[in-house]
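> Requesting a structural model of the entry that follows:
(2 chains)
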Amino acid sequence: MARAALMDFDKALELFEPVIGLEVHVELNTTTKMFSSAPNPANSAFHDAAPNTLITPVCLGLPGSLPVVNEQAIRSSISLGLALGCSIAESSRFARKNYFYPDLAKNYQISQYDEPIAFDGEVEVELENGRIFQVPIERAHMEEDAGKLTHIGGATGRIQGAEYSLVDYNRAGVPLVEIVTRPIFGAEADAPALASAYVSIIRDIALSLGISEARMERGNLRCDANVSLRPRGAEKLGTRTETKNVNSFRSIERAVRYEIQRQAAILADGGSITQETRHWHEDTGTTSAGRPKSDADDYRYFPEPDLLPVVPSPELIEQLRAELPEPPAARRRRLKAEWGFTDIDFQGVVNSNLLVEVTETVAAGATPAAARKWWTGELARIANAQNVDAASLASPAHVAELAGLVEAGTLTDRLARQVLEGVIAGEGSPQQIVDARGLAVVSDDSALIAAIDQALASQPDVLEKIRDGKVQAAGAVIGAVMKAMQGKADAARVRELVLERATAQ
Amino acid sequence: MSEITAEQVAHLANLARIALTEEEIAHLTTELGQIMQAVEKVSEVATPDVPPTSHPIPLQNVFRADVVGADVLTAEQAVAGAPEADGSRFVVSAILGEEQ
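Okay, here's the model as predicted:
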């Protein structure tokens, strides 16, 4: 596939105004699915299940099976709608979206069409550079996720009939809330960063509500980015493309930037943009054309006859409103002040998407500085090397315990890093690993003194120098003692004792 | 509104993945046109102050508790009725196009 021509980003912005729109799918972490009592793989208790073991006749659309709405999924959806500043519909109903593809066995997806559960909201997003946007939310509607297809056999010389796909319906019927923004104007050069920061805020909201695991790498949180350009001064919106398969915060930013540059090159060359879905390719950092976008008419939406309207009582809505956590933007401002972080330190935490982890680590007893240090330091470094999310490596409780062991002097930083390796390898809690691996700092002075006396006896010249006041000579002895203790000693305490013993002898 | 064209029928057949011959399309165009006319009668009595009815029974908020049910299938049971399976997953012929 030939690489598309791209216009320089700054040049593209001179000629065109970018308009973006974002669709974010949030998989709810209810115990069971949206319309069936099958276990929900988007709940961490079930996510490793073998293919087709989390299904009931409803998930397969077997004759005679009927969907029934999960009450908790409704409550989670209302909470999410309220947290997005939306109005909650007095009455909302489900609709069938008809399409033929084997990712759903019924040949339709149960979704919402003209009566979404939540509409007309607004979310505050603050960018790294301090700009604040109010992102307008058009709607948040409930629907079911589709199954997973694994395509076997490629186009490489195989006869067409030999190719097939394997279908796993575990994910079919997982409760989803799709959040759709209105077109976002005025972001200009910040459009790519805004897209990524917005999804990060949605993740924060979902996590603080406790309604989703919200892990992008697992598909709990998915983003489709709509991008269009219009010539400077034009009223009419340009034709948009919808980029799918964008599975990390970094990719969202890159994909929006790429589409702006790609579309600008086409438009400046006198071409036109095709309204279509495009697929993001993480490896090459490019998008490629997918299917032409179907008209809503082609889905032949109609009210789902198997399900009744959802009419939440005002009491329920007010109860859920009262239980809402603090809005993310306000929470970020409060935490930054409470923790006493500099702008740079706080943004470092936010930009690495570790705010939730650091908050929970502090709640588990660590100092904010220690929590930040472990998450954005060692854990982020290992995560980066392994190409995974730092959050997947260790739990906040374990990190807090580790920080506590360092604080108490049981571990040096060096030993703590070894313990952390054990935690990541799943060997247990930090204390268990300290015990099992015998990693604790030797705090018993008599053991240290024995090692020091031995080191001093074997290096009489050093002993001479220290007695002559050349204190820096002690380094050789400290090194020998640390080696003898296999690193499990506090170097500062060893130094103290070396000087004490040298002058005492 | 009530007029159905052969193009619309062909488009619908394509969306529904049904192969129709020219004769079938012509036949269905007439038939669907008649059905549309019959349905049109309803809109004569529909007034703006009457909301469209999607359910004839005045029921709402029928929910179930978020508890795993007893009707969860094993993978073997799930694929038991499938024309083709690999033991735990359904085998379907490759379909051009993509996920929705």
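
> for A:Ile424, what are its contacts?
Going by Cβ atoms under 8 Å, 6 or more residues apart in numbering or on different chains, A:Ile424 touches A:Ile382, A:Leu393, A:Ala394. Glycine gets a C-beta too; all of them are placed from N, C-alpha and C.

> Let's see the pLDDT reported for residue 87.
Looking at chain A here, since you left the chain open. Predicted confidence (pLDDT) for A:Ser87: 98.

> my bad, chain B
Reported pLDDT at B:Gly87 in the predicted model: 89.

> hang on, it packs against B:Val79?
Yes: with contact defined as Cβ atoms under 8 Å, B:Gly87 counts as touching B:Val79 (7.5 Å).

> Just want to know which of those two has more residues nearby.
Using other Cβ atoms under 10 Å in any protein chain shown as the criterion, B:Gly87 and B:Val79 rank with B:Val79 on top: 23 against 9.

> can you count the residues close to whatever residue of chain A ends up closest to chain B?
Residue nearest to chain B within chain A: A:Ser37 (2.9 Å; Cβ to the nearest Cβ). For A:Ser37, the neighbour count with other Cβ under 10 Å is 22.

> tell me, which helix in chain B spans the most residues?
In chain B, with assignment by DSSP state H, the single longest helix is helix B:22-45.

> Select from the contacts of A:Ile424 the one having the most neighbours.
A:Ala394 (24 neighbours).

> center of chain B - which residue?
By Cα atoms, centre = their mean, the mean C-alpha position of chain B lies nearest to B:Ala16, the distance being 8.3 Å.

> and the gap between the closest residue to that one other than its chain neighbours and A:Lys33?
Nearest-residue entry for B:Ala16: A:Phe100, 7.2 Å, with adjacent residues in sequence omitted and distances by Cβ to Cβ, 6 or more residues apart in numbering or on different chains. Distance, A:Phe100 to A:Lys33, by Cβ to Cβ, to the nearest Å: 22 Å.

> quick revisit: and the residue nearest to the centre of chain B, what's its pLDDT?
82.

> Stretch B:85-94 vs chain A: in contact?
Yes: Stretch B:85-94 comes into contact with chain A (Cβ under 8 Å from any Cβ of the partner chain), by way of B:Asp86, B:Ser88, B:Arg89, B:Phe90, B:Val91, B:Val92, B:Ser93, B:Ala94.

> What about those, which are in strands?
Mapping the residues of stretch B:85-94 next to chain A onto strands (DSSP state E) picks out B:Phe90, B:Val91, B:Val92, B:Ser93.

> What subset of the residues you listed is buried?
Buried subset of those (neighbour count, 16 or more other Cβ atoms under 10 Å in any protein chain shown): B:Phe90, B:Val91, B:Val92.

> I'd guessed A:Ile211 sits against A:Ile78; true?
No: with contact defined as Cβ under 8 Å, A:Ile211 and A:Ile78 do not form a contacting pair (10.1 Å).

> show me where the stretch 101-250 of chain A has strands.
A:108-111, A:118-126, A:132-144, A:148-152, A:164-168, A:175-181, A:221-231, A:241-246 (DSSP state E, counting those that start in this stretch).

> burial count for B:Gln77?
Around B:Gln77 there are 14 residues (other Cβ under 10 Å).

> How much space separates it from A:Ser395?
36 Å.

> Go ahead and name everything in contact with stretch B:14-23.
Stretch B:14-23 is contacted from outside by A:Asn98, A:Tyr99, A:Phe100, A:Asp298, A:Arg300, B:Val9, B:Ala10, B:Ala13, B:Leu28, using Cβ under 8 Å, 6+ apart.

> okay, those residues in TSV with distance to A:Ala191 and pLDDT next?
Output for the contacts of stretch B:14-23, formatted as TSV (distance: Cβ to Cβ, whole Å; pLDDT from 0 to 100):
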residue	distance to A:Ala191	pLDDT
A:Asn98	34	92
A:Tyr99	31	88
A:Phe100	35	84
A:Asp298	30	84
A:Arg300	34	89
B:Val9	43	93
B:Ala10	41	92
B:Ala13	42	89
B:Leu28	48	94
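
> Out of those, list just those in strands.
Mapping the contacts of stretch B:14-23 onto strands (DSSP E) picks out A:Asn98.

> how about stretch A:11-29 against chain B, any contact?
No: for stretch A:11-29 and chain B, the contact criterion (Cβ under 8 Å from any Cβ) is not met; the two come no nearer than 9.9 Å.

> Going by neighbour count, list what's buried in that stretch.
For stretch A:11-29, using 16+ other Cβ under 10 Å, the buried residues are A:12-13, A:16-29.

> Which member of those is positioned nearest A:Tyr169?
Closest approach to A:Tyr169 among those (Cβ to Cβ): A:Glu27, at 15.2 Å.

> who does the closest one bridge with?
Applying DSSP bridges to A:Glu27 gives these bridge partners: A:Leu176.

> And for stretch A:314-324, what's in contact with it?
Applying Cβ under 8 Å, 6+ apart, the contact partners of stretch A:314-324 are A:Arg75, A:Ile78, A:Ser79, A:Leu82, A:Ala83, A:Ile88, A:Leu209.

> Out of the residues you listed, which one has the lowest pLDDT?
Taken together, the contacts of stretch A:314-324 show their lowest pLDDT at A:Leu209, with 93.

> Excluding covalently adjacent residues, which one is nearest to that residue?
With Cβ to Cβ, 6+ apart as the criterion, A:Leu209 has its nearest non-adjacent residue at 5.2 Å, and that residue is A:Ser79.

> Look up how far A:Ser392 lies from the one you found.
To A:Ser392, A:Ser79 is 25 Å away according to Cβ to Cβ.

> quick one: contacts for B:Ala75?
Residues in contact with B:Ala75 (Cβ under 8 Å, 6+ apart) are A:Ala50, A:Pro51, A:Asn52, A:Thr53, B:Gly87, B:Ser88, B:Arg89.

> which non-adjacent residue is nearest the residue of chain B found nearest chain A?
Closest residue of chain B to chain A, Cβ to the nearest Cβ: B:Gly69 (2.9 Å). Sequence neighbours aside, A:Ser37 is the residue nearest to B:Gly69 in space, at 2.9 Å (criterion: Cβ to Cβ, 6+ apart).
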